[in-house]
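Asks: Output the structure for:
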Amino acid sequence: MANDLCEVHGLHPESLGRVREKMPDDDTMLRLAEIFKALSDPTRARILYALTMEELCVCDLASLTGLSSSAISHQLRLLRANRLVRYRREGKMAFYSLDDDHVRHLLSEGLCHARE
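Replies: Alright, predicted model coming up:
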């Protein structure tokens, strides 16, 4: 038997009540899981990290990652669908940046945790 399990079954109603009261709804938890799924790919994590420093165009991101513009575009679509990045057009160029400061904080905290 593993030592990381309770040896007897017992519930703590007050703790359960406090946690249930503050638990986000299912839609919010699904959205959170989708965000972490999007972040689970190292290429997408690199793209986001690069965008923490400054806005970059698709060509810049392709050069940084060593991928084709088409491959980067695919990754950026996924990140955009999860509201992690946004883009703007300037002539024939498409520039990407982080969607908002929540993304920057998420990456910053994740990196701190990964480096510990």
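Asks: next structured bit after the strand or helix carrying His74?
Replies: In this structure, His74 sits in helix 69-81 according to DSSP states H and E. Along the chain past helix 69-81, the next helix or strand (assigned with DSSP H and E) turns out to be strand 85-90.
Asks: and that following strand, how far from the chain's centre?
Replies: Chain-centre distance of strand 85-90: 18 Å, with Cα atoms, centre = their mean, to the nearest Å.
Asks: in whichever helix or strand comes after it, what's buried?
Replies: Next helix or strand after strand 85-90 toward the C-terminus (DSSP H and E): strand 93-98. Neighbour counts over strand 93-98 (16 or more other Cβ atoms under 10 Å) mark Ala94, Phe95, Tyr96, Leu98 as buried. Where C-beta positions appear, they are placed from N, C-alpha and C, glycine not excepted.
Asks: ditto for stretch 56-74
Replies: Buried, per 16+ other Cβ under 10 Å, within stretch 56-74: Leu56, Cys57, Val58, Asp60, Leu61, Ala62, Thr65, Leu67, Ile72.
Asks: can you tell me how far the residue nearest the centre of the chain sits from Ala50?
Replies: The residue lying closest to the centre of the chain (Cα atoms, centre = their mean) is Leu39, at 3.9 Å. The gap separating Leu39 from Ala50 is 14 Å, by Cβ to Cβ, to the nearest Å.
Asks: Among the buried residues of stretch 56-74, which are located in helices?
Replies: Residues of the buried residues of stretch 56-74 located in helices (DSSP state H): Val58, Asp60, Leu61, Ala62, Thr65, Ile72.
Asks: Now render these as JSON lines, adding pLDDT.
Replies: Below are those laid out as JSON lines (pLDDT from 0 to 100):
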{"residue": "Val58", "pLDDT": "96"}
{"residue": "Asp60", "pLDDT": "97"}
{"residue": "Leu61", "pLDDT": "97"}
{"residue": "Ala62", "pLDDT": "96"}
{"residue": "Thr65", "pLDDT": "95"}
{"residue": "Ile72", "pLDDT": "96"}
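Asks: Show me which pair in those residues is furthest apart.
Replies: The most widely separated members of those are Val58 and Thr65, with 10.7 Å between them, by Cβ to Cβ.
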